[in-house]
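# kindly generate the corresponding structure for this input.
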Amino acid sequence: DAPEGEPKGARYKVKRMVRHLGGSSANSGHYVAEVEINGKYFHCNDLHGYKEISKEKFLGHKDPYLLFLERIPD
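As a prediction, this is how the structure comes out:
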């Protein structure tokens, strides 16, 4: 079923994600963000700054902790 207020069959694209690295729980390890801005993709880490990454690397993560989606217009 579609989320409340969304038309059935609505499509979305991933715009941003938060990932958890290291540690065995949410209370340990480190969080990083990956974002898409104007068709470019970036890995953002407060320990190492940010760097541009490929779309394939951005979309290839199998372990996002949190996703931010944008609805694709019909």
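# every contact and neighbour count from this point should use C-alpha atoms.
Fine.
# paired strands for the longest strand along the chain, with orientation please.
If you go by DSSP state E, the chain has its longest strand at strand 11-21. Its sheet considered, strand 11-21 pairs with strand 30-37 (antiparallel), strand 64-72 (antiparallel) by DSSP bridges.
# show me where pLDDT drops low in the protein?
Where the chain drops to pLDDT under 70, the residues are 1-3.
# related to what we said a few turns ago, run through who's touching the longest strand of the chain.
26, 29-37, 63-73 (Cα atoms under 8 Å, 6 or more residues apart in numbering).
# of the residues you listed, select the buried ones using a ChimeraX command.
In ChimeraX, this line selects whichever of the contacts of strand 11-21 come out buried by 16 or more other Cα atoms under 10 Å:
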select :32,33,34,35,36
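# nearest the geometric middle of this protein, what residue?
Residue closest to the average C-alpha location in the chain (Cα atoms, centre = their mean): Met17, at 2.0 Å.
# which residue, other than its chain neighbours, is closest to it?
With sequence-adjacent residues excluded and distances taken as Cα to Cα, 6 or more residues apart in numbering, Met17 is closest to Leu67, at 4.5 Å.
# for that neighbour, what are its contacts?
Going by Cα under 8 Å, 6+ apart, the list of residues near Leu67 reads 14-18.
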